[in-house]
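Participant: Need a 3D model of the sequence below.
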Amino acid sequence: MATTDFGAVSITDGYATPAALLPSHEDTLHFFTSGNLSVASRVAAAIVGVGGTVVDVRAAVDAAPAGASIVLDLKKNGATTFTTSGNKPTIAAGGTTSTTTLPDVTSVAPGDLLTVDVDQVGSTTAGADLYFSVTIKRSNVA
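Facilitator: Next up, the predicted model:
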């Protein structure tokens with residue numbers, strides 16, 4: 001077992017040699033838009049702080065859409081990351097969470113601007129209070 005000393009704290013981890021303590025390999029950006037949804041561009045935005053690969057995109061609403069699904073888009077620096085439009089995050093009518101595949105464009109760099117567009121809302125009830133998250137696996141961590 002390896003013991004690593006950090007001042008007054010020692011950690012014994014079961015490995016034969018000391019291992020470096022690494023930061024989290026993933027960062028998650030969280031977006032929120034309150035109120036009833038409508039078709040709109042840039043309903044939320046964030047600047048990427050770390051370079052890497054998008055490994056997860058999720059969406060949820062507090063109030064489910066009715067009559068039609070909510071369809072969302074994630075854009076990087078103004079261009080869609082879902083070049084296959086059928087893969088965009090979608091919240092089915094009556095549902096509150098999305099089903100999605102990964103975007104076609106997954107690479108991000110520090111300083112990239114990620115924005116969320118609402119491409120479609122429910123036809124009877126739009127849906128409300130949108131939560132959207134993007135998880136990025138860092139490229140600079142082992």
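
Participant: Val54: how many residues sit nearby?
Facilitator: Close neighbours of Val54, defined as other C-beta atoms under 10 Å, add up to 21. C-beta here means a position set from N, CA and C on the backbone, and glycine is covered the same way.

Participant: Excluding sequence neighbours, find me the nearest residue to it.
Facilitator: Thr106 (4.4 Å; C-beta to C-beta, 6 or more residues apart in numbering).

Participant: packing partners for the one helix or strand Lys75 maps to?
Facilitator: Lys75 is part of strand 70-76 when elements are defined by DSSP states H and E. Under the contact criterion of 3 or more C-beta pairs under 8 Å, 6 or more residues apart in numbering; DSSP states H and E, strand 70-76 touches strand 52-63, strand 90-91, strand 113-120, strand 128-138.

Participant: what do you get if the cut-off is 7 Å, keeping everything else the same?
Facilitator: Applying 3 or more C-beta pairs under 7 Å, 6 or more residues apart in numbering; DSSP states H and E, one finds that strand 70-76 makes contact with strand 52-63, strand 90-91, strand 113-120.

Participant: residues of that strand that come out buried?
Facilitator: For strand 70-76, burial by neighbour count (16 or more other C-beta atoms under 10 Å) applies to Ile70, Val71, Leu72, Asp73, Leu74, Lys75, Lys76.

Participant: Looking at these, which is nearest Tyr131?
Facilitator: Proximity of the buried residues of strand 70-76 to Tyr131 (C-beta to C-beta) peaks at Leu72, which lies at 10.9 Å.

Participant: Show me what that closest one is bridged to.
Facilitator: Beta-bridge partners recorded for Leu72 (DSSP bridges): Val118.

Participant: for Arg138, same thing?
Facilitator: Taking DSSP bridges as the rule, Arg138 bridges to Gly52.

Participant: In this structure it contacts Val50, no?
Facilitator: Yes. Between Arg138 and Val50 a contact is recorded at 5.1 Å, counting by C-beta atoms under 7 Å.
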